[in-house]
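Enquirer: mind looking at a prediction? Sequence and model below.
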Amino acid sequence: MARTFIGGVHPKEEKSRAGEKPIRDSRLPSKVIIPMIQHTGAPCEIIVKPGDSVKKGQLIGRATKFISSPVHASISGIVKELRDAPHPTAGRSAAVVIESDGKDEWHESVSARPGAARLKAAELADIIRDSGIVGLGGGAFPSHVKIKEPKKIDAVILNGAECEPYLACDERLMTERAGDILKGLRLIMNAVEAEEAFIAIEANKPAAVLAVRKALEESDSEGRGITLKVLPVKYPQGSERQLIEVILGRRVPPRGLPIDVNCVVYNVGTASAICEAVYKGRPLVERTITLSGDCIREPVNMKVRIGTVIGELLEECGGPVRPVSKVIVGGPMMGAAQPGTDAPVTKGTTGVLFLSEKKARVFDEISCIKCGRCVDACPMNLLPLVYAKFVKKEKWDRLSRYNIDDCIECGSCAYVCPSRIPLVQYIKTGKRELFYIRKTY
Amino acid sequence: MIMDNKLTVSAGPHVFDRTSARGMMYGTFLALAPAAIAGIIFFGLNAVMLIVVCMSVCVLAEAFFQRLRGVRIAVGDGSALLTGLLLALVIPPGVPLWMAALAGVFAIGIGKEIFGGLGHNIFNPALIGRAFLSAAFPTYMTVYPAPFSGWARAGATAVDAATSATPLGLMKFEAAGTDLWNLFLGNISGSLGETSAAALLIGGIFILAKRYADWRIPAGFMGAVYILGQVTHVLAPGRYPGGLFHLLAGGMMIGALFMATDPVTSPVTKLGKWVFGIGCGVLVIVIRLWGGQPEGVMYAILLMNALTPVINRVTRPRRYGT
């Protein structure tokens, strides 16, 4: 029997239709809003001013700290304004607004890099950093940070689990660009100096499994040390800790990182972006996202420019087929509900869901009946029900005694709760309170 | 802006499992239908009246106490209705209706609402109602009409109806056995809805398959009872009945499948559910074989209910990654 992680849930997958169709290029946007926060870490510093003419791939936001990632123009045109703009997950962020000149020209600094396969670890890390590569699975953690770890890494895990319902962009990317993903993975292995790598795909993506297997068979030296792992479907398989547990049988310690168990995890989309950045010299200016939900005429996977306003993407899909009640950036388990449709796509955007009133129904919370379903579902061995109790009673100190910081906010507990208690919301509130308390005392 | 209606902004997750607390209540209620029907077949109109009285009194009492506490009246959640049905099924079919009604008020008032209502009670409310009757009217709680005697003399109470000893009573006081087939079908005397193991198993399998109840509790409970019953039987075959008898007799089936599995009063951890179930099983055997009473399911579960907070504390899962 295949090894699995503890807990987990099986939400309705809702992704078959989007996964079957080829990735479509979105039309060139007339305007992009590029936020300076598109990654975990310090915001970028804007280095352009209104009126400047910029080209695709040109640096517009400089990273000032190690845990940060630079931001590039995703179209060619004129910087129209610098302003505070809506952000899909951070609320608001400073952003550069660029108006397209319709030419879509690459910046002079962008040029192909022959012989990239022989680059040394340190050079690769610099290219990855300067190309603004972050984790494209949604976490948006700067990719170079994981490379520059002094600790020994013996395994790279490429995350193609894509366990969130609706989302199918990784599935399509693996189906269509398995070769690039493999090249990217080889670069990552070179950069972290690891001998072994695993590509993890959930069993509900047969086309992707087939494509990756074929690419592995066809590659000669590139596929060395790389193993394809097809995993039984379970949410949150794509969560870093859970994936490491499944693939390597190692458990990342509390407050630890994958590096503490000598491995790193990269998303398949990130590997593809690293391939583009290293071989073609192209910084991260576009990504593949899934547009889905019952208000969309037809779910699609689309390659879109960073900074494209999500409302325009809905229009490009032919507008809503029924009134939209909820807009979610990301998947339905961990994604963020939007107050409007004027936020832009960022590097961490995996998809946008447009849901009707029927699917957006908010349930009234009733008393906890202590059934323990949340305990069964929790992949982190926590007792989610106690957090709701202690947050309601404002017993903040009890939260840390029950290891609230270990919570990965995957939402499995709230998904199964028969009393419809918004457990993740309580947990987030509790963590925030604790953060302020710890800061003050 | 292409949308003029307001968007819903709520915290994730944005999708939910189909099972609701309400669904669990009504599902369990439905799962008790075979046992209730078996009870009606064996014990006649008295059974019908007891079920109706217990359910209506519990629902009314719930509404009354919620009103008294100044909280929203939530009898629609089905929990009081379920308590009422469970109470009716665990009392002898000859108990006068007014006593049953009193037990219903007690079950809801003292068993549940006094603790703060749904989710806050420590003890199983239906068992609290039954324990109240056992303490207040012990004579009525130890007299059991024989099956099919109720149809001939509808409305007759325990005192004048044809009564007979329960299989556990026969075992304890007369060292007499009972045909296992009759035990399985329920053609024996006992509480209204506890006699037919077959009917209870049908409902039990349903709630376990639907995951309205956690399987670990009945597995631990029945496993412990069977193993201990079998062991004591092998040690003293003339004195103690076999494991299968223990499983099929008395309140074992309804207790293990429907009372011990009450989510509110049982532990939340996986290990805790095992501990709770096995603890119930051990206590049942101890009471049945060495206690003063022939049956021990009710007290076994109530005792384990009291231990639930402690069980939860000591069975906390190990911290991830340590």
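Expert: Now that the structure is in, tell me what you want to look at.
Enquirer: scan chain A for its longest helix.
Expert: Identified as the longest helix of chain A according to DSSP state H is helix A:169-192.
Enquirer: in the stretch 101-250 of chain A, which residue sits nearest chain B?
Expert: A:Pro165 (6.4 Å; Cβ to the nearest Cβ). C-beta: built from backbone N, CA, C; applies to glycine.
Enquirer: quick check: residues of the stretch 51-200 of chain A near chain B?
Expert: Neighbours of chain B within the stretch 51-200 of chain A, by Cβ under 8 Å from any Cβ of the partner chain: A:Pro165.
Enquirer: which residues of the stretch 51-200 of chain A fall in strands?
Expert: Along the stretch 51-200 of chain A, the stretches classed as strands by DSSP state E, counting those that start in this stretch are A:53-54, A:59-62, A:71-72, A:77-87, A:91-100, A:155-160, A:196-202.
Enquirer: just send the ones you listed back as a markdown table, with distance to A:Pro35 too.
Expert: As requested, the strands of the stretch 51-200 of chain A are exported to a markdown table (distance: least, Cβ to Cβ, whole Å):
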| stretch | distance to A:Pro35 |
| --- | --- |
| strand A:53-54 | 16 |
| strand A:59-62 | 9 |
| strand A:71-72 | 8 |
| strand A:77-87 | 5 |
| strand A:91-100 | 4 |
| strand A:155-160 | 24 |
| strand A:196-202 | 30 |
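Enquirer: and the residue nearest the centre of chain A, how close does it get to A:Met334?
Expert: The structure's chain A has its C-alpha centroid closest to A:Gly138; by Cα atoms, centre = their mean the separation is 1.5 Å. Per Cβ to Cβ, to the nearest Å, A:Gly138 is found 7 Å from A:Met334.
Enquirer: next one: A:Lys370
Expert: Distance from A:Lys370 to A:Met334, counting by Cβ to Cβ: 25 Å.
Enquirer: name the helices or strands packed onto the helix or strand hosting B:Ala38?
Expert: Using DSSP states H and E, B:Ala38 falls within helix B:33-43. Helix B:33-43 makes packing contacts with helix B:45-69, helix B:79-89, helix B:149-152, helix B:197-209 when contacts are defined by 3 or more Cβ pairs under 8 Å, 6 or more residues apart in numbering or on different chains; DSSP states H and E.
Enquirer: where does chain B dip in pLDDT?
Expert: Across chain B, the ranges flagged by pLDDT under 70 are B:1-5, B:150-162, B:175.
Enquirer: one more time with 90, if that's ok
Expert: B:1-12, B:44-46, B:94, B:138-190, B:195, B:237-240, B:249-250, B:291-295, B:322 (pLDDT under 90).
Enquirer: about what we covered before: could I get the strands of the stretch 51-200 of chain A as TSV with mean neighbour count?
Expert: Formatted as TSV, those follow (neighbours: other Cβ atoms under 10 Å in any protein chain shown):
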stretch	mean neighbour count
strand A:53-54	17
strand A:59-62	20
strand A:71-72	28
strand A:77-87	17
strand A:91-100	20
strand A:155-160	27
strand A:196-202	23
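Enquirer: dump those to CSV, plus mean pLDDT and distance to A:Glu433.
Expert: As requested, those are arranged in CSV below (pLDDT from 0 to 100; distance: least, Cβ to Cβ, whole Å):
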stretch, mean pLDDT, distance to A:Glu433
strand A:53-54, 95, 42
strand A:59-62, 94, 32
strand A:71-72, 96, 32
strand A:77-87, 95, 23
strand A:91-100, 94, 18
strand A:155-160, 96, 32
strand A:196-202, 96, 36
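Enquirer: which single residue of the stretch 51-200 of chain B ends up nearest chain A?
Expert: Closest point on the stretch 51-200 of chain B to chain A, by Cβ to the nearest Cβ, is B:Gly119, at 3.7 Å.
Enquirer: up against chain A, what does the stretch 201-322 of chain B have?
Expert: So far as Cβ under 8 Å from any Cβ goes, the stretch 201-322 of chain B lies against chain A at B:211, B:214, B:263-264, B:266-270, B:273, B:316-322.
Enquirer: let's see 10 Å
Expert: Applying Cβ under 10 Å from any Cβ of the partner chain, one finds that the stretch 201-322 of chain B approaches chain A through B:211-214, B:216, B:261-270, B:272-273, B:308, B:312, B:316-322.
Enquirer: go through those residues and flag which are in helices.
Expert: In helices, judged by DSSP H, the following of those are found: B:Arg216, B:Lys270, B:Gly272, B:Lys273, B:Thr308, B:Asn312.
Enquirer: without its sequence neighbours, what residue ends up closest to the last one?
Expert: Closest residue to B:Asn312 apart from its sequence neighbours, by Cβ to Cβ, 6 or more residues apart in numbering or on different chains: B:Pro267 at 5.0 Å.
Enquirer: surely that neighbour is in contact with B:Cys280?
Expert: No. Distance between B:Pro267 and B:Cys280: 11.5 Å, which falls outside the contact criterion (Cβ atoms under 10 Å).
Enquirer: who touches both of those two?
Expert: Common neighbours of B:Pro267 and B:Cys280, using Cβ atoms under 10 Å, 6 or more residues apart in numbering or on different chains, are B:Ile217, B:Met304.
Enquirer: could you pull out the helices for the stretch 151-300 of chain A?
Expert: Here the stretch 151-300 of chain A has its helices, by DSSP state H, counting those that start in this stretch, at A:169-192, A:206-218, A:240-248, A:268-275.
Enquirer: looking at those, which is buried most?
Expert: Of all the helices of the stretch 151-300 of chain A, helix A:268-275 carries the top mean neighbour count, a mean of 28, counting by mean count of other Cβ atoms under 10 Å in any protein chain shown.
Enquirer: and that helix, what other elements does it pack with?
Expert: Applying 3 or more Cβ pairs under 10 Å, 6 or more residues apart in numbering or on different chains; DSSP states H and E, we find helix A:268-275 packed against helix A:121-130, helix A:143-147, strand A:155-160, helix A:169-192, strand A:196-202, strand A:263-267, strand A:286-292.
Enquirer: out of those, nearest to B:Ala176?
Expert: strand A:196-202 (60.1 Å; Cβ to Cβ).
Enquirer: verify the stated contact: A:Lys55 with A:Ser76.
Expert: Yes. Taking Cβ under 10 Å as the definition, A:Lys55 is a contact partner of A:Ser76 at 4.4 Å.
Enquirer: which neighbours do these two share?
Expert: With Cβ under 10 Å, 6+ apart as the test, A:Lys55 and A:Ser76 both reach A:Asp101, A:Lys103, A:Asp104, A:Glu105, A:Trp106, A:His107.
Enquirer: most surrounded residue in those residues?
Expert: For the shared contacts of A:Lys55 and A:Ser76, the largest number of neighbours (other Cβ atoms under 10 Å in any protein chain shown) sits with A:His107, at 19 neighbours.
Enquirer: residue contacts, it?
Expert: A:His107 neighbours (Cβ under 10 Å, 6+ apart): A:54-59, A:72-73, A:76, A:281-283, A:285.
Enquirer: related to what we said a few turns ago, could you give the angle of the helix holding B:Ala38 to helix B:197-209?
Expert: Compare the direction of helix B:33-43 with that of helix B:197-209 by axes from the mean of the first three to the mean of the last three Cα atoms, to 10 degrees and you get 170 degrees.
Enquirer: ok, back up a step: tabulate the helices and strands packed on helix B:33-43 (TSV), appending distance to A:Gly307 and mean neighbour count.
Expert: Formatted as TSV, these follow (distance: least, Cβ to Cβ, whole Å; neighbours: other Cβ atoms under 10 Å in any protein chain shown):
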stretch	distance to A:Gly307	mean neighbour count
helix B:45-69	54	20
helix B:79-89	52	28
helix B:149-152	78	18
helix B:197-209	50	20
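Enquirer: between these, which gets nearest to A:Leu423?
Expert: helix B:79-89 (21.0 Å).
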